[in-house]
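coords please:
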Amino acid sequence: MSITETQDCALIRPDTTYDGKQGLRYLAGISAESVGSTGICMHLLTIPPGGRAKAHLHENHETAIYVVSGVAEVFYGERLEKHAVTAEGDLFYIPAGVPHLPFNSSDAPCVAVIARTDPNEQESVVLRPDLEALLPR
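Model prediction:
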C-alpha cells in the first residue's frame with residue numbers, strides 16, 4: 001500500500017482582482033495559483049453596463065457560467081454568428097475551442113460565476129482579433 005499526500009480544503013474570501021486577456025476584470029477565486037487546483041478554476045466576473053470582452057476562445061477547456069444578477073449577451077460560434085441572452089439564474093455552457101464574446105448591453109452590471117476546466121484560467125485564452133470587426137462596439 002502506498003501513501004499519497006492529500007491536499008487540504010481551502011476557503012477563499014476574494015479580495016483581489018486581475019485583468020484577464022479577454023479585457024475584463026475578475027475577482028480572483030479558485031485556481032492553481034490560489035489553492036493549487038489541478039482541474040478547475042472558478043472566479044467572479046462583473047461586466048459593467050456597456051462592457052464587453054474581446055473575442056476569444058479557451059483551447060482544450062470547457063467553461064460553465066452562472067449568472068448571479070443582471071443580463072449579458074453572448075455571441076459565439078466560428079464567426080460569432082450565434083447569440084444567446086443570459087439573465088439572472090441562467091446557466092450557460094461553452095465547449096472547449098468555441099470562440100465567444102460576452103457583452104452587457106443593459107444599464108446595470110451583470111455578475112456571473114465563471115468555472116473553467118483550466119486550473120490556470122488565463123493559460124488557455126486565445127484572443128481572436130479577426131472576429132472583432134464582426135460585431136458593433
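
switch to C-alpha atoms for all contacts and neighbour counts from now on
OK.

how much space between residue 41 and residue 131?
26 Å (CA to CA, to the nearest Å).

repeat that for residue 117.
Counting by CA to CA - residue 117 and residue 131 are separated by 24 Å.

out of these two, which sits in the busier spot?
Taking neighbours as other CA atoms under 10 Å, residue 117 and residue 131 compare with residue 117 leading, 20 against 17.

run the chain-centre distance for the host helix or strand of residue 92.
In the assignment (DSSP states H and E), residue 92 maps to strand 91-94. Its chain's C-alpha centre lies 10 Å from the corresponding centre of strand 91-94 when counted by CA atoms, centre = their mean, to the nearest Å.

give the next helix or strand downstream of it.
With DSSP H and E, the next secondary element past strand 91-94 is strand 100-103.

mind giving me the packing neighbours of that following strand?
strand 56-58, strand 71-76 (3 or more CA pairs under 8 Å, 6 or more residues apart in numbering; DSSP states H and E).

please identify the most buried of these.
Mean neighbour count (mean count of other CA atoms under 10 Å) peaks for strand 56-58 among the helices and strands packed on strand 100-103, with a mean of 24.

list of residues touching it?
22, 96-101, 124-129 (CA atoms under 8 Å, 6 or more residues apart in numbering).

mean confidence for that strand?
In this model, strand 56-58 carries a mean pLDDT of 95.

any idea which element the residue most central in space within the chain lies in?
Compute the mean C-alpha point of the chain, and by CA atoms, centre = their mean the closest residue is residue 114, 4.6 Å away. Residue 114 belongs to strand 110-116 when elements are defined using DSSP H and E.

contact partners of that strand?
So strand 110-116 is contacted by 40-49, 61-72, 104 (CA under 8 Å, 6+ apart).

residue 64: which element?
Residue 64 is located in strand 63-69, with elements delineated by DSSP H and E.

who are the neighbours in contact with residue 134?
79, 80.

show the pLDDT at it.
Note for residue 134: predicted pLDDT of 83.

before we move on, what SS does residue 133 have?
For residue 133, the assignment made with DSSP: H, G, I helix; E, B strand; the rest coil gives helix.
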